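In: Provide a 3D model corresponding to the input given below.
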Amino acid sequence: MQYLALLNSQERDRTPEQRAAVMAEFEKFHAKAASAIRAGDALTPVATGVRITGGPDAPTITDGPFAEAAEVACGYYVFEADNLDDALAFARDIPVAAYGTVEVRPVYHTVDAGWSRSGAAQWLALLLEPPEHTNVPGGPEWQAEAARHGEFAAAAGDHIRGGAALDDPATATTVRVRDGQLLLTDGPYPEGAEIASGFYLLSAADRDEAVKLAAMIPASAVAVRQLAGVSGL
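Out: Numbering: from 1, shown residues only. The predicted structure follows:
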């Protein structure tokens, strides 16, 4: 089974030495979890991101920075694991878990089960919905929405390099490691917060093309962030 691990932390300025130390920790993690990692990368700063609301019929595009919470998405992984416990064990070892959070969600349906690597995708489009708009995966409302995503996939074609619909928000688990202790928080989370319902990995010639593609995605909001291209995957 596959799981999305969404990494969240405070953005901070680091010296070259600090950045090198962080990268060394991630390289250790990659060496340990290589057999389970199907995709992943860091994200460029949130100030460079784009938020799209209004849906494909009347998209409103807002450039970053945004009035975000203290922690923002800074990267992601897709794991192949036999069960949630194994996925959480991988998430615990992600360096971000020691100073931020890692939200783990089961993948309900993949756009590309093989996943694309080696720089094929340059953009992450994270689909966001208010809690009251989330649909039970597999239900009739979900199926109707899936049909709209099929239309988007047909229009975007080879620009889609991967992606997935996520399982019910109640299946989410947030992982933190503090002073060596594992802290787990099960979903669903407090009302009012937007919930990730899925994501796409997109290939685009530039930011304008990435935004144009993401504006076609049927979702209440889409957060578009460029991949940093530092994962080595």
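
In: mind listing what I61 touches?
Out: Taking CB atoms under 8 Å, 6 or more residues apart in numbering, we find I61 in contact with 50-52, 211, 215. (Each C-beta comes from the backbone N, C-alpha and C, glycine too.)

In: looking at those, which are in strands?
Out: Among the contacts of I61, the ones falling in strands (DSSP state E) are 50-52.

In: closest one to L183 out of those residues, please.
Out: Using CB to CB, R51 comes nearest to L183 of the ones in strands among the contacts of I61, at 29.5 Å.

In: how near is that closest one to I61?
Out: To I61, R51 is 8 Å away according to CB to CB, to the nearest Å.

In: show me where this structure has helices.
Out: Listed in chain order, the helices of the chain (DSSP state H) span 16-33, 84-93, 140-156, 207-214.

In: among those helices, which is nearest L128?
Out: Checked against CB to CB, the stretch from the helices of the chain lying closest is helix 207-214, at 11.7 Å.

In: can you pull the contacts of R38?
Out: R38 touches 2, 78-80, 115, counting by CB under 8 Å, 6+ apart.

In: quick one: which of the residues you listed has the most company?
Out: Within those, neighbour counts (other CB atoms under 10 Å) peak at F79, which reaches 25 neighbours.

In: and that residue, bridged to which residues?
Out: Y3, I37 (DSSP bridges).

In: I'd like the numbering to begin with 10 instead of 1 from here.
Out: Taking 10 as the first residue, the last one we looked at is F88.

In: just checking, it touches A43?
Out: No - using CB atoms under 8 Å, F88 is not in contact with A43; the gap is 11.1 Å.

In: picking that back up, what two of the contacts of R47 are the furthest from one another?
Out: Pairwise over those, using CB to CB, the maximum falls at F88 and W124, 11.2 Å.

In: picking up where we left off before, with mean pLDDT and mean neighbour count added, can I get the helices of the chain in JSON lines?
Out: Conversion of the helices of the chain to JSON lines gives the following (pLDDT from 0 to 100; neighbours: other CB atoms under 10 Å):
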{"stretch": "helix 25-42", "mean pLDDT": "94", "mean neighbour count": "13"}
{"stretch": "helix 93-102", "mean pLDDT": "97", "mean neighbour count": "18"}
{"stretch": "helix 149-165", "mean pLDDT": "92", "mean neighbour count": "14"}
{"stretch": "helix 216-223", "mean pLDDT": "96", "mean neighbour count": "18"}
